[in-house]
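S.K.: with the input below, show me the fold.
(one chain, ligands or ions: 3)
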Amino acid sequence: MATTDRELAELTHLRGTQKLDAFKGVKKLPLEEFFTSGHRTCQGCESALVMKLMVKAAGPRTVVLGSTGCMYVANTTYYSTSWVVPWMHTQLGSSGSAALGASAALKVLMRKGKMKEEPINVIAFCGDGGGADMGLAAISATLTHPDYNCLILMYDNESYANTDIQLSGSTPYGAHTTFSPPGKVKRIMHHRWKKNMAGMLAAGHPTCKFVATVCMSYPVYSMNAVRKALTIGGPTFIHSLDPCPKGWDYDPMQSHELGELAVLSGIWPLYEVENGVLKLVGKTRDIADGRVKRLPVKDYLLRQGRFAHFTNDDLDYFQSKIDEMWDKWVIPGVIPFRKQIDEDRPPSA
Ligand SMILES: Cc1ncc(C[n+]2csc(CCOP(=O)(O)OP(=O)(O)O)c2C)c(N)n1
Ligand code: SF4
Ligand SMILES: [Mg+2]
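M.R.: Numbering: from 1, shown residues only. Ligands and ions are numbered 1, 2, ... in the order given. Sure thing, here's the model as predicted:
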């Protein structure tokens, strides 16, 4: 017998979720920290800030799982850790399965009376290597299970940073990585375009109730995205773009500004897809509505040593791809289909 929507909703909320209202501003943030001092991330590491604010948004009744990468290695030295909440390392490609497994385990323990019944947040984070490349299948599978509450957060520093900045499916076109060093004969060694993770996951998983892109240069919005994802229930996904001083090659004090430039140049659109409804947010919405002028992408690229080898032609090419995202995609910055125009349409069969 087919499951009705009502039965499905009951299943999904079998254990309920915490009702985490949006923070009303920086001054209203709680003082408690659940990711604290003692880690060994680089100065200016935005991914560490993602960890800190992600768990501040989630609160103390949270279990965090994290796949191998900088946010595992630098945050858990032998017998010490910065995590105040329960934390577990999981294999590089398995943030999706870890999220689903932990959520299922909590459900069973509560059903059997081995744990007090209460809504506990489950967050599994992964890097771009672990999420957009190795763990894509597991994330996709998890997003098709509406009856488990868990958030997968992909922190994207655009390389396999922990193993010394190798190129990932999230690395931007032309960037200098240890797998794509520019040379005298070939200047551009990386010709692929960055994967569109959030758009792909939102479009491909209609059962997933919340997908968002964030950047910690906009901390209150980003924390509220985490709170919304955890409150709405079912499996949810957040993709954060994280400036990485070591991999992107810039002075650590510029991290915050680089995040802003990514949004203002249109290379990193901020949006939420909630129950199938898309909302562009913040400066991205201002750009889309014409209230703010999109900055040239070179303002963002030329601040980073990984693009220092770019010529004017390279910059023009990059700009043309960003313009294409905004001018030709069926949903600017989000879904890269193009509408068929009448002249292109073949005569009907
Ligand atoms: C299956 C597997 N392959 C390779 C490694 C080695 N390894 C550890 S961390 C890492 C980089 C992960 O990159 P990413 O997920 O982007 O996280 P980041 O280091 O950038 O934070 C690699 C390749 C591993 N731990 N497991
Ligand atoms: S290499 Fe990048 S992501 Fe890793 S700790 Fe340093 S700044 Fe953070
Ligand atoms: Mg990475």
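S.K.: around ligand 3, pick out the residues from the stretch 151-300 of the chain.
M.R.: Within the stretch 151-300 of the chain, the positions lying close to ligand 3 (Cβ under 5 Å from the ion) are 157, 161. Backbone N, C-alpha and C define where each C-beta goes, glycine included.
S.K.: list phi and psi for the residue nearest the centre of the chain.
M.R.: By Cα atoms, centre = their mean, the mean C-alpha position of the chain lies nearest to residue 239, the distance being 1.2 Å. Note on residue 239: its backbone torsions stand at phi -120, psi 120 [degrees, to the nearest 10].
S.K.: quick check: it vs residue 101, distance?
M.R.: 22 Å (Cβ to Cβ, to the nearest Å).
S.K.: now do the contacts for the residue nearest to the centre of the chain.
M.R.: 153-154, 156, 197-198, 211-214 (Cβ atoms under 8 Å, 6 or more residues apart in numbering).
S.K.: residues near the nearest residue to it once chain neighbours are set aside, how many?
M.R.: The shortest distance from residue 239 to any residue other than its chain neighbours is 4.3 Å, reached at residue 198 (Cβ to Cβ, 6 or more residues apart in numbering). Residue 198 has 23 neighbours, counted by other Cβ atoms under 10 Å.
S.K.: about what we covered before: tell me the pLDDT of the residue nearest to the centre of the chain.
M.R.: You'll see residue 239 listed with a pLDDT of 98.
S.K.: look up the closest residue to residue 126, ignoring the ones flanking it.
M.R.: Residue 126 sits nearest to residue 95 (Cβ to Cβ, 6+ apart), 3.7 Å away.
S.K.: dihedrals phi and psi, that neighbour?
M.R.: phi -60, psi -40.
S.K.: and stretch 194-209, which residues are buried?
M.R.: For stretch 194-209, burial by neighbour count (16 or more other Cβ atoms under 10 Å) applies to 194-203, 205, 208-209.
S.K.: low-confidence stretches in this protein?
M.R.: 1-15, 342-349 (pLDDT under 70).
S.K.: what kind of secondary structure is the nearest residue to residue 331 once chain neighbours are set aside in?
M.R.: Leaving aside its sequence neighbours, residue 331 sits nearest to residue 278 (Cβ to Cβ, 6+ apart; 6.4 Å). Of the three states, residue 278 takes strand under DSSP: H, G, I helix; E, B strand; the rest coil.
S.K.: over to residue 126?
M.R.: Residue 126 - assigned by three-state DSSP - is strand.
S.K.: need the residues of the stretch 101-250 of the chain near ligand 2, please.
M.R.: By Cβ under 6 Å from any ligand atom, the residues of the stretch 101-250 of the chain that approach ligand 2 are 157, 161, 244-247.
S.K.: and those residues, which is closest to residue 182?
M.R.: residue 247 (15.2 Å; Cβ to Cβ).
S.K.: for the helix or strand that closest one falls within, enumerate the helices and strands it packs against.
M.R.: Assigned by DSSP states H and E, residue 247 falls within helix 245-248. If you count contacts as 3 or more Cβ pairs under 8 Å, 6 or more residues apart in numbering; DSSP states H and E, helix 245-248 packs onto no helix or strand.
S.K.: can I get it as CSV, trimmed to CA atoms?
M.R.: Coordinates of each C-alpha in helix 245-248 appear next as CSV, following Å, rounded to 0.1, in the frame of the first residue of the first chain:
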residue,chain,number,x,y,z
PRO,A,245,44.7,31.6,3.0
LYS,A,246,47.1,28.7,2.4
GLY,A,247,45.4,27.2,-0.7
TRP,A,248,44.2,30.5,-2.2
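S.K.: quick one: the strands in the stretch 1-150 of the chain?
M.R.: Ranges of strands within the stretch 1-150 of the chain are 62-67, 87-90, 121-127, 150-156, based on DSSP state E, counting those that start in this stretch.
S.K.: closest one to residue 299 among these?
M.R.: strand 150-156 (20.3 Å).
S.K.: that closest one and ligand 1 in contact?
M.R.: No: shown here: strand 150-156 not in contact with ligand 1 (Cβ under 6 Å from any ligand atom), separated by at least 6.9 Å.
S.K.: thinking again about what came up before, now the contacts of residue 239 as a markdown table including distance to residue 130?
M.R.: Listed next are the contacts of residue 239 as a markdown table, based on distance: Cβ to Cβ, whole Å:
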| residue | distance to residue 130 |
| --- | --- |
| 153 | 12 |
| 154 | 8 |
| 156 | 11 |
| 197 | 12 |
| 198 | 16 |
| 211 | 18 |
| 212 | 19 |
| 213 | 18 |
| 214 | 18 |
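S.K.: farthest pair within those?
M.R.: Maximum distance among those (Cβ to Cβ): 14.0 Å, for 156 and 211.
S.K.: comparing these two, which residue is more hemmed in?
M.R.: Between residue 156 and residue 211, residue 156 has the larger neighbour count (other Cβ under 10 Å), namely 30 against 27.
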